[in-house]
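> how would this look folded up:
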Amino acid sequence: MSKEKKRGGGFVSVVVFISLLYVFGSQINRQEVSLPDDNPYQNSSLVMDSDDVDEMVRRLEDSFGVKVSEDNKDELLMLYSIFDNSSLSNAEKNTFYGYYSIILDNPYLNREEAYRSLSKVKIDYTDRDSNVSESVQGEYEFKDYTIYVYDKDYTNTVLLHEGIHCIFTNSKTAGLPTYFNEGMTELLANEYFSFDPFYEGVHYPYEVAYVKMLSELVGSDTVLKAFSTGDFSLISNAVQKYNNTTFSTYKIFNTYENAFFCEDKKSVCPYDADESKKAYDYLGQIAKSAGKDTPEFKYFYELSGSIFKENPAEYYANYLMEHGVLEKAYFSSDLKKDYSNTIMKNVDKRDKVYVHSFSSKFDK
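Residues are numbered from 1 along each chain as shown. Okay, here's the model as predicted:
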């Protein structure tokens, strides 16, 4: 079960630019479409008859008023899962169509599972049960394909985060470390949908910094593959090659996960302060051995290391005020066009970015 947490403050400003003048569902006459109901994918490969694929793509192109290249038909077809989902309102579908960019950028996504989830997901705007913490704004239950939204979600912040969980969560990825999963999900939401993609002060701030640190350490492609396939060993094995410390890589990462958990739950950690400090120090040593102790790594290493301080929130905020915001994109191809290199900005003068519209991904 994945959850969107609230750590104080307001919502991150999130907006989806989808340049559709009309609701997608109203543009297609379902009476004219005779297509198979089966999942068109097996794992990540298209297995549907090519004539059926071409017909579905043609209908989608006509509806959106766009033309896709031959190479991008596969990704457009993924949107049919959203269109065909009778449990989603038209407004919810229009929000979810924005995931096209994430799908387009990700060669590791299990499209069969993602298509199934998007075609079945339903959204329940509901009050919390008594066993759900007030800090939990929403959660996705992948076993029954349901997104629960507990708070008012005027900017779709919660829905967008949980929708990313919907795309990526399956029986394999459900076993990923919890806070790596949450940090990665929030980072994707930031890079693809936020006006303020480089600053995280509300939702999983330490975990987002942690994912960026890992991206500097082993490469963002390895991190994306681990997240998409549910194989965290891709990251831990790459780190273990340079680990000459007395802690296993598993123990180092587990110490981070436990620290995130303890801060989240406001509970006492199973590791004492000495072990936490060693895990933190040893990861820095590993980065040096791997030749990855770059300024970018050090920035996110120290920022994510806030989690081991006596007052993580205060340390995190002070670090940003002193050092500024490091503006660098890791996963969004559009964002990387302008932010593939490091840009440091004062926290009060950081860039606000207008994300590209949904239709800009197509060849007109």
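> give the residue spans of the stretch 251-364 of the chain that score low on pLDDT.
For the stretch 251-364 of the chain, the stretches flagged by pLDDT under 70 are 354-364.
> same thing but 80
The model of the stretch 251-364 of the chain has pLDDT under 80 over residues 268-271, 352-364.
> can you give me the strands in it?
325-327, 343-345 (DSSP state E, counting those that start in this stretch).
> just name the most buried of those.
strand 325-327 (a mean of 21; mean count of other Cβ atoms under 10 Å). Placement of C-beta: from N, CA and C, glycine included.
> quick one: list the elements packing against it.
Strand 325-327 sits against helix 295-304, strand 343-345, with contacts defined as 3 or more Cβ pairs under 8 Å, 6 or more residues apart in numbering; DSSP states H and E.
> let's go with 7 Å and repeat that
strand 343-345 (3 or more Cβ pairs under 7 Å, 6 or more residues apart in numbering; DSSP states H and E).
> give me the distance from the strand it packs on to the chain's centre.
23 Å (Cα atoms, centre = their mean, to the nearest Å).
> please enumerate residues in contact with it?
By Cβ atoms under 7 Å, 6 or more residues apart in numbering, the residues outside strand 343-345 that reach it are 324-327, 351.
> from those, which is closest to Glu302?
Lowest distance from Glu302 to the contacts of strand 343-345 (Cβ to Cβ) belongs to Leu326, with 10.9 Å.
> give me every residue that touches the closest one.
Leu326 sits next to 198, 296, 299, 342, 344 when contact means Cβ under 7 Å, 6+ apart.
> mind putting the contacts of strand 343-345 in a markdown table, distance to Val239 included?
Output for the contacts of strand 343-345, formatted as a markdown table (distance: Cβ to Cβ, whole Å):
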| residue | distance to Val239 |
| --- | --- |
| Gly324 | 27 |
| Val325 | 26 |
| Leu326 | 21 |
| Glu327 | 26 |
| Asp351 | 31 |
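> ok, of the residues you listed, which one's closest to Gly284?
Looking across these and measuring by Cβ to Cβ, the closest to Gly284 is Leu326, at 17.3 Å.
> can you name the residues bridging to that closest one?
Leu326 has these beta-bridge partners by DSSP bridges: Met344.
> so which residues of the stretch 101-250 of the chain form strands?
Taking DSSP E, counting those that start in this stretch as the criterion, the stretch 101-250 of the chain contains strands spanning 122-125, 136-141, 146-149.
> closest one to Tyr256 among the ones you listed?
strand 136-141 (21.5 Å).
> would you mark the buried spots in that closest one?
By 16 or more other Cβ atoms under 10 Å, the buried positions in strand 136-141 come out as 136-141.
> could you list every helix and strand that it packs against?
Using 3+ Cβ pairs under 7 Å, 6+ apart, the elements in contact with strand 136-141 are strand 2-5, strand 146-149, helix 157-168.
> tell me the mean pLDDT over it?
Average pLDDT, strand 136-141: 92.
> next, name the residue at the spatial heart of the protein.
Closest to where the C-alpha atoms of the chain average out (Cα atoms, centre = their mean) is Thr185, at 2.4 Å.
> with adjacent residues omitted, what lies nearest to that one?
Nearest-residue entry for Thr185: Ile164, 4.9 Å, with adjacent residues in sequence omitted and distances by Cβ to Cβ, 6 or more residues apart in numbering.
> list the contacts of the one you found.
Ile164 sits next to 185, 188-189 when contact means Cβ under 7 Å, 6+ apart.
> tell me where the model's unsure across the stretch 101-250 of the chain.
Across the stretch 101-250 of the chain, the ranges flagged by pLDDT under 80 are 201-202.
> quick one: contacts for the closest residue to Tyr256 other than its chain neighbours?
Distances taken as Cβ to Cβ, 6+ apart put Tyr210 closest to Tyr256, at 6.4 Å, once the chain neighbours are dropped. Listed by Cβ under 7 Å, 6+ apart, the contact partners of Tyr210 are 183, 256, 304.
> distance from stretch 129-138 to the middle of the chain?
The answer for stretch 129-138 is 21 Å, by Cα atoms, centre = their mean.
> can you check stretch 297-317 too?
21 Å.
> name the residues that touch that stretch?
Contact with stretch 297-317 is made by 205-206, 209-210, 212-213, 216-217, 259-260, 263, 276-277, 280, 284, 287, 319, 323, 326, as judged by Cβ under 7 Å, 6+ apart.
> and it, which residues are buried?
By neighbour count on 16+ other Cβ under 10 Å, the buried set for stretch 297-317 is 297, 299-309, 312, 315-316.
> of those residues, closest to Val158?
Tyr316 (22.0 Å).
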